[in-house]
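In: build me a model from this:
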Amino acid sequence: MKIRFGYVSHAISLWDASPAKTVTFTRYQQLGKEERAEKLLETTKQNLNHTLRMLYYNIGHEIELYRFSSSIVPLATHPDVRWDFLTPFRSEWKELGDLVKKKRLRVSFHPNQFTLFTSPQKKITKNAVIDMEYHYRMLEAMGIEASGLINIHIGGAYGDKEKTMKRFYENLKMLPLPIKKVMTLENDDKTYTAEETLAACEKEGIPFVFDYHHHMANKGETVLEALLPRLFATWVDRGMPPKIHISSPKTAQQFRSHADFVSVEFILPFLKLVQEYGQDVDFMIEAKAKDQALLKLVDDLSKQRGIKRISGGAIELK
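Out: Numbers count the residues shown, from 1 in each chain. Below is the predicted model of the structure:
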């Protein structure tokens, strides 16, 4: 079986390459009308250029998975700004998408924790739809809306999980169907377990992104061996390997916090479990050291018996 690895947003090995340079609304308000437009255009162009650098870096290192920054476009969803970030950069968005398609990269977005469909406040649900639309429009601009994914968490429990989940299913109806078709759900480290999140995915026909670290911090009653076949099944219609998030605890006392790198000892039991199914999977690394954590982990794993490195960012388990 084959496992490919990816990282989140920013290759820290590259100099001055953040794809998430920002313009605060406070700063935006201090500028004149022309200066405002110029600042938004300048910052977005820089972020798009840095994203392109990241893709070339990944291609050079044979890293086939990548999570785009959600902050490529500053103030894109701010109610007092909401500007056209597509028309001025048609060629830049297309260049990114063409490269993704040409090199068959697997890419995604992961909106922040405020993008959720469990809130009793209609405003929060409306903002969640706006944010999902923003991410989808970026996928469309790149021409990869058929293959790109947008991953979110279920959200809060608000003191009553059963009632909240009913609200989640109802609020989710506000999301346009094309966007729902590219969304995934992930279990979290405090509230919704893998079992609960998987049940929601099965009910709504949404692929499940399993986070192993979160699962170890927030285990449900169902054993992982029973969850894996169901997890894999949610990806069958997508025509791509199941996607799994991996990281390791910063310390025993700060178990939920992500360490700079990924501990082989922490994830090895999970690797052995996945291996029993012979299912190819993709691992998105959520470690602080990002691309450096990926390259180190692939190198560390290749030294384990029965594991062979087959590219810069992939291994094979025999």
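In: residue 30: neighbour count?
Out: The tally of other residues near residue 30 (other CB atoms under 10 Å) stands at 10. Quick note: C-beta positions are derived from backbone N, CA and C, even for glycine.
In: residue 18 is in what secondary structure piece?
Out: Assigned by DSSP states H and E, residue 18 belongs to neither a helix nor a strand.
In: which ones are touching the residue lying closest to it once chain neighbours are set aside?
Out: Distances taken as CB to CB, 6 or more residues apart in numbering place residue 10 nearest to residue 18, at 5.7 Å, with adjacent residues excluded. Residues near residue 10 by CB atoms under 8 Å, 6 or more residues apart in numbering: 17, 18, 19, 20, 54, 69, 290.
In: now those as TSV including pLDDT, distance to residue 197 and neighbour count?
Out: Below are those laid out as TSV (pLDDT from 0 to 100; distance: CB to CB, whole Å; neighbours: other CB atoms under 10 Å):
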residue	pLDDT	distance to residue 197	neighbour count
17	96	33	18
18	96	31	18
19	97	28	21
20	95	27	17
54	97	29	24
69	98	24	19
290	98	25	19
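In: between those residues, which sits nearest residue 167?
Out: The nearest member of the contacts of residue 10 to residue 167, counting by CB to CB, is residue 69 at 29.9 Å.
In: what about the closest one, distance to residue 226?
Out: 36 Å (CB to CB, to the nearest Å).
In: check residue 314 too.
Out: Taking CB to CB, one finds residue 314 at 28 Å from residue 226.
In: between these two, who's got more neighbours?
Out: The neighbour comparison of residue 314 against residue 226 (other CB under 10 Å) goes to residue 314, with 20 against 10.
In: need phi/psi at the more buried one.
Out: Main-chain torsions, residue 314, degrees, to the nearest 10: phi -150, psi 150.
In: I figured it hits residue 106, correct?
Out: No. Contact between residue 314 and residue 106 fails when scored by CB atoms under 8 Å: they sit 11.5 Å apart.
In: report the set of residues contacting both of these two.
Out: 4, 64.
In: least trustworthy helix or strand in the chain by mean pLDDT?
Out: Using mean pLDDT, DSSP states H and E, the weakest-scoring helix or strand in the chain turns out to be helix 25-30, at a mean of 92.
In: and it, which residues are buried?
Out: By 16 or more other CB atoms under 10 Å, the buried positions in helix 25-30 come out as residue 28.
In: same for that helix, what does it pack against?
Out: Applying 3 or more CB pairs under 8 Å, 6 or more residues apart in numbering; DSSP states H and E, one finds that helix 25-30 makes contact with helix 33-60.
In: returning to what we had before: ok now the least confident helix or strand of the chain, how far from the chain's centre?
Out: 29 Å (CA atoms, centre = their mean, to the nearest Å).
In: next: stretch 82-92.
Out: So, by CA atoms, centre = their mean, the centroid of stretch 82-92 is 23 Å from its chain's centroid.
In: quick check: end-to-end length of it?
Out: Terminal residues of stretch 82-92 are spaced 20 Å apart (CA to CA, to the nearest Å).
In: what's it in contact with?
Out: Contacts to stretch 82-92, defined as CB under 8 Å, 6+ apart, come from residues 37, 40-41, 44-45, 48-49, 52, 73, 75-76, 93, 137, 141.
In: switch to 7 Å and redo it
Out: 40, 41, 44, 45, 48, 73, 76, 93, 137, 141 (CB atoms under 7 Å, 6 or more residues apart in numbering).
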